[in-house]
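Trainee: need a structure here:
(4 chains)
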Protein chains: 2
Amino acid sequence: MSIRAIERAMNVLQELNLQPINTIAQLHARTKLPKPTLVRILRTLEEAGYVENDTRQGGYHVSALVTSLSSGFHKDPLVVEAGRAWAIAITRKHKWPVAIALPDYDGMIIRFSTVPDSLISPFHSTVNRRLCMLTRGMGLAYLAFLDVEDRDVIIGILQKSEDPENALSHHRDELLRLLKQVRENGYATRSSVVEPRNSNTIAVPILAKSGRVLASLGLTYFKSAFDSEQDARERYVPILKSAAIAISEDLSRLSSSMAIDVNSTELLPAF
Amino acid sequence: MSIRAIERAMNVLQELNLQPINTIAQLHARTKLPKPTLVRILRTLEEAGYVENDTRQGGYHVSALVTSLSSGFHKDPLVVEAGRAWAIAITRKHKWPVAIALPDYDGMIIRFSTVPDSLISPFHSTVNRRLCMLTRGMGLAYLAFLDVEDRDVIIGILQKSEDPENALSHHRDELLRLLKQVRENGYATRSSVVEPRNSNTIAVPILAKSGRVLASLGLTYFKSAFDSEQDARERYVPILKSAAIAISEDLSRLSSSMAIDVNSTELLPAF
DNA sequence: CTCCGCTGTTTCGCGGGCCGAAATGGCACC
DNA sequence: GGTGCCATTTCGGCCCGCGAAACAGCGGAG
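Mentor: Numbers count the residues shown, from 1 in each chain, chains lettered A, B, ... in the order given. Coordinates of the predicted model:
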């Protein structure tokens, strides 16, 4: 009962957001649409200004105008707003993509990702993607720092799950040992039994000043870029930890409603 | 040669982003599309999850999923990334919408706006909107702090413009007097001869540590909410000034590539 | 050079999907 | 009950999007 052409166009636009550059063949494979249809849809989006056909690179990519399709929506939690600039700064300096994930019932949802900023990264932009709590670095980094009561509620929920990625919830001792270690280390990594195997994620919790865990901050890299896992951890764990602390500080300043800043006006230069 | 249904849907989606809630009648008036067509497009977008039909409020609005249409794009300048959290914090506390604008040739372009966050605001989300340099608060706040050389280049360009909003460029003395006053005050406001008359904007420059002006930060309010213009200025100018300084500090920390933070790891708590 | 396999793009005639005037149903106010 | 105005549904016609097929433009292999 709805308009097929529009559904297709929206799917194409979503797909275009998943990669920096998209060939017709890739889009054809992912959307199952006939190529002439894709060309027509892409031309339409291009004439409307949402898409650019980069002939040098041989493919299409979204343009700046796509932001106008969502500019009316930003109800991101403040922790995402506070964290996004830090995430971008890390990616600029260290190249690998960084993401911020928030808890959602029995998993984590990625709310911000610098994948598009990361030139070397062939990863898909993973905004709005759901991550399992027990096998993903960003899930573990959150769960491990949750207070015991809330944590046990979530583990209870996970035990009812059929998802094999939640299997660890049935081995409580093993799970608690893992969480304890995450807490001691101050970071978590993705389980090695889970896809994709050629990359890994290091994640740290973002804590409120009160100590409550709000979100997690994760960096993803290709294993092949480092001699060992240990190398990557030694390099990025301190960076992520200090960024998490900086986000936490920004956050408390922001939510304190700028009372201090307003009072200190007399200290300001004359502008 | 392009697909009409898609063009229409994209226009509707853009319009939906301009107001928190949109009735069919409003959309009909703005897009000139027949109402049955609108209903069909909206149902399509709703089934795809981009739009919600809020029957209580009697209208449609974009949903969280629209972010997936632009999640692959964030090449915002760092100053926008650094400033957005502060803009949101101001709007949360003081309700009025706040925007960040960047220079673009002979005008300013709004790159971020908290209009959607501002419940009281019936203003349109103005992201990507162009503002005149000489009549708008955000333009003057930028231009006044530009170094003399660059400033004169822009004034030269403006003098060639036919736009009546750029008329002041032909009265150099008057213009320079205005800019001098903006510099002394540390803020600018929108010219009173320009639409919309029922609101006003107070804007301050965002300066790099080097002193170079990067962008402007503006707050818009209804005149009727205050006894006088002076009341509004006394209240919001200090807030905007301190926020601009905070953004500037965040920015220099972010672009210093976090070298300091990384080295201070030993000071961190154990997480 | 020619063939091949792979791209992205254009052609074109068929058919069904989108279109919108008109009708319907719903709600608020007089 | 009447009168607007609203969102939504109906339905027949016509147009417009559809996609198989053909075309064109590579680069590499034979």
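
Trainee: just the helices from the stretch 51-200 of chain A, written as ranges.
Mentor: For the stretch 51-200 of chain A, helices defined by DSSP state H, counting those that start in this stretch occupy the ranges A:78-94, A:137-143, A:148-159, A:172-185.

Trainee: pLDDT of the longest one, averaged?
Mentor: Going back to what we said before, that points to helix A:78-94. Averaging pLDDT along helix A:78-94 gives 93.

Trainee: if we can go back for a sec, in JSON lines: the helices of the stretch 51-200 of chain A, plus mean neighbour count and distance to residue B:144.
Mentor: Yep, even glycine has a C-beta here, placed from its N, CA and C like the rest. Supplementary listing: those in JSON lines, determined by neighbours: other CB atoms under 10 Å in any protein chain shown; distance: least, CB to CB, whole Å:
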{"stretch": "helix A:78-94", "mean neighbour count": "23", "distance to residue B:144": "27"}
{"stretch": "helix A:137-143", "mean neighbour count": "29", "distance to residue B:144": "45"}
{"stretch": "helix A:148-159", "mean neighbour count": "14", "distance to residue B:144": "52"}
{"stretch": "helix A:172-185", "mean neighbour count": "14", "distance to residue B:144": "52"}
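
Trainee: which among these is found nearest to residue B:171?
Mentor: For those, proximity to residue B:171 was assessed by CB to CB; helix A:78-94 is nearest, at 40.6 Å.

Trainee: and the closest one, is it in reach of chain B?
Mentor: Yes - applying CB under 8 Å from any CB of the partner chain, one finds helix A:78-94 touching chain B at A:78, A:81, A:82, A:84, A:85, A:86, A:88, A:89, A:90, A:92, A:93.

Trainee: residue contacts, residue A:240?
Mentor: A:90, A:187, A:202, A:203, A:204, A:217, A:218, A:219 (CB atoms under 8 Å, 6 or more residues apart in numbering or on different chains).

Trainee: scratch that, residue A:72 is what I was asking about
Mentor: Counting by CB under 8 Å, 6+ apart, residue A:72 makes contact with B:16, B:17, B:18, B:19, B:20, B:61, B:62, B:66, B:115, B:116, B:125.

Trainee: near the residue lying closest to it once chain neighbours are set aside, how many other residues are there?
Mentor: Excluding the flanking residues, the one nearest residue A:72 by CB to CB, 6 or more residues apart in numbering or on different chains is residue B:17, at 3.2 Å. For residue B:17, the neighbour count with other CB atoms under 10 Å in any protein chain shown is 24.

Trainee: do residue A:48 as well
Mentor: Neighbours of residue A:48 (other CB under 10 Å): 17.

Trainee: measure it to DNA strand C for me?
Mentor: Remark: distance between residue A:48 and DNA strand C (CB to the nearest atom of the strand, to the nearest Å) = 14 Å.

Trainee: so where is chain A shaky, pLDDT-wise?
Mentor: Along chain A, segments meeting pLDDT under 70 span A:1, A:119-123, A:256-271.

Trainee: name the residues of it found near DNA strand D, please.
Mentor: A:4, A:5, A:8, A:33, A:34, A:35, A:36, A:37, A:40, A:41 (CB under 7 Å from any atom of the strand).

Trainee: out of those, who's nearest residue A:152?
Mentor: Nearest member of these to residue A:152, counting by CB to CB, is residue A:8, at 45.6 Å.

Trainee: circling back: could the residues of helix A:78-94 next to chain B be laid out in a markdown table, adding distance to residue B:242?
Mentor: Formatted as a markdown table, these follow (distance: CB to CB, whole Å):
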| residue | distance to residue B:242 |
| --- | --- |
| A:78 | 18 |
| A:81 | 18 |
| A:82 | 17 |
| A:84 | 21 |
| A:85 | 18 |
| A:86 | 21 |
| A:88 | 24 |
| A:89 | 22 |
| A:90 | 27 |
| A:92 | 27 |
| A:93 | 28 |
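
Trainee: most centrally placed residue in chain A?
Mentor: residue A:99 (3.1 Å; CA atoms, centre = their mean).

Trainee: want to throw the contacts of residue A:240 into JSON lines with distance to residue A:144?
Mentor: Putting the contacts of residue A:240 into JSON lines (distance: CB to CB, whole Å) gives the following:
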{"residue": "A:90", "distance to residue A:144": "21"}
{"residue": "A:187", "distance to residue A:144": "9"}
{"residue": "A:202", "distance to residue A:144": "14"}
{"residue": "A:203", "distance to residue A:144": "10"}
{"residue": "A:204", "distance to residue A:144": "10"}
{"residue": "A:217", "distance to residue A:144": "14"}
{"residue": "A:218", "distance to residue A:144": "13"}
{"residue": "A:219", "distance to residue A:144": "17"}
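
Trainee: top of those residues by neighbour count?
Mentor: Busiest of these [other CB under 10 Å] is residue A:203, holding 32 neighbours.

Trainee: residue A:134 reaches residue A:165, doesn't it?
Mentor: Yes - using CB atoms under 8 Å, residue A:134 is in contact with residue A:165, at 6.7 Å.

Trainee: neighbour count for the two, which is higher?
Mentor: Taking neighbours as other CB under 10 Å, residue A:134 and residue A:165 compare with residue A:134 leading, 25 against 19.

Trainee: need the strands for the stretch 151-271 of chain A, in chain order.
Mentor: Here the stretch 151-271 of chain A has its strands, by DSSP state E, counting those that start in this stretch, at A:188-189, A:199-207, A:213-222.

Trainee: the last one - contacts with which helices or strands?
Mentor: The helices and strands touching strand A:213-222, judged by 3 or more CB pairs under 8 Å, 6 or more residues apart in numbering or on different chains; DSSP states H and E, are helix A:78-94, strand A:98-104, helix A:137-143, strand A:199-207, helix A:229-255.

Trainee: can you say which of the ones you listed is nearest to residue A:177?
Mentor: Closest among these, once you apply CB to CB, is helix A:137-143, at 12.2 Å.

Trainee: list of residues touching that closest one?
Mentor: A:99, A:101, A:103, A:107-108, A:110, A:131-134, A:151, A:154, A:178-179, A:182, A:187-190, A:200-205, A:213, A:215-218.

Trainee: farthest pair within the residues of helix A:78-94 next to chain B?
Mentor: A:78 and A:93 (24.2 Å).

Trainee: domains in chain A, by residue range?
Mentor: Recorded structural domains for chain A (assignment: automatic domain parsing) are A:4-69, A:78-255.

Trainee: now these in JSON lines, with distance to residue B:169?
Mentor: As requested, these are exported to JSON lines (distance: least, CB to CB, whole Å):
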{"stretch": "domain A:4-69", "distance to residue B:169": "28"}
{"stretch": "domain A:78-255", "distance to residue B:169": "36"}
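
Trainee: indicate which one of the ones you listed is closest to residue B:243.
Mentor: Going by CB to CB, the one of these nearest residue B:243 is domain A:78-255, 10.2 Å.

Trainee: got the end-to-end distance for that closest one?
Mentor: Separation of the first and last residues of domain A:78-255 by CA to CA, to the nearest Å is 8 Å.

Trainee: from the chain's centroid, how far away is that domain?
Mentor: 9 Å (CA atoms, centre = their mean, to the nearest Å).

Trainee: do stretch A:30-40 as well
Mentor: 29 Å.

Trainee: determine which two of the contacts of residue A:72 are furthest apart.
Mentor: So, the contacts of residue A:72 by CB to CB: farthest apart are B:66 and B:115, at 15.1 Å.

Trainee: please consider this matter closed, and thank you.
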